[in-house]
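1. next come a sequence and a model predicted from it.
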Amino acid sequence: MLRLRRVRPARLDLSGIAKGHAVDAVATRLRALGCADFLVEIGGELVGVGIQPDGQPWWVDVEPPPGMALAPLRIALHGIAVATSGDYRRASAQGSHSIDPRTGRPIAHGTASVTVIHADCCHADAWASALTVLEPEAAKALAEREGLAAQLVVRGNGEWLSSGLRAMLD
């Protein structure tokens, strides 16, 4: 159980994990109904369980941000989830829709997207959001320290894959 204690006025915005949580809730309900094979997608956050009717896993491609010459990241979702956070779908005149909680301002360090593969979608979503806010080097260090399967795409620096993700792709 998670407990929070407020020591001063605060606001919590859980929208950064809402889609991931919703994907997990739908997956839990489908399992309870006896479904053994399914793919759930809400707003680009996905979980795959079991296999497709043709016997293949649920293959998904994580598209690179527009204007970046990278091959799509192809993932077999078989009992795992994937979530991507990026600044290219809902940017505003002020920049990224991702807000750095340390400054209260949109991030401005060049991270275009972060994709995380995890056992559940809520955690994948939360990690993708958290890594997006950090400067790229700090995000890479945290992903490695936590053993995350993560992809960071940074404008001007291309793609970085964590050792956890590289191991999954081998």
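-> Now that the structure is in, tell me what you want to look at.
2. SS state for T132?
-> With DSSP: H, G, I helix; E, B strand; the rest coil as the basis, T132 sits in helix.
3. contacting residues for it?
-> S85, G86, D87, S98, I107, T111, S113, V114, A139 (Cβ atoms under 8 Å, 6 or more residues apart in numbering). To be clear about C-beta, it is placed using only N, CA and C from the backbone, and glycine gets the same treatment.
4. who wins for most neighbours among those?
-> The most neighbours of any of the contacts of T132, using other Cβ atoms under 10 Å, belong to V114, which has 29 neighbours.
5. how near is that one to V26?
-> 23 Å (Cβ to Cβ, to the nearest Å).
6. tell me where the protein has strands.
-> 38-42, 45-49, 58-62, 73-77, 80-86, 99-100, 105-106, 111-118, 149-154, 158-161 (DSSP state E).
7. longest helix anywhere in this structure?
-> Ranked by number of residues, the top helix in the chain under DSSP state H is helix 15-32.
8. contacts for that helix, please.
-> Counting by Cβ under 8 Å, 6+ apart, 14, 38, 40-47, 49, 81, 83, 85, 120-126, 129 sit against helix 15-32.
9. need the strands of the chain in a markdown table with distance to A167 and mean pLDDT, can you?
-> Formatted as a markdown table, these follow (distance: least, Cβ to Cβ, whole Å; pLDDT from 0 to 100):
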| stretch | distance to A167 | mean pLDDT |
| --- | --- | --- |
| strand 38-42 | 23 | 97 |
| strand 45-49 | 19 | 97 |
| strand 58-62 | 17 | 95 |
| strand 73-77 | 13 | 94 |
| strand 80-86 | 13 | 94 |
| strand 99-100 | 30 | 70 |
| strand 105-106 | 33 | 74 |
| strand 111-118 | 11 | 95 |
| strand 149-154 | 8 | 97 |
| strand 158-161 | 10 | 95 |
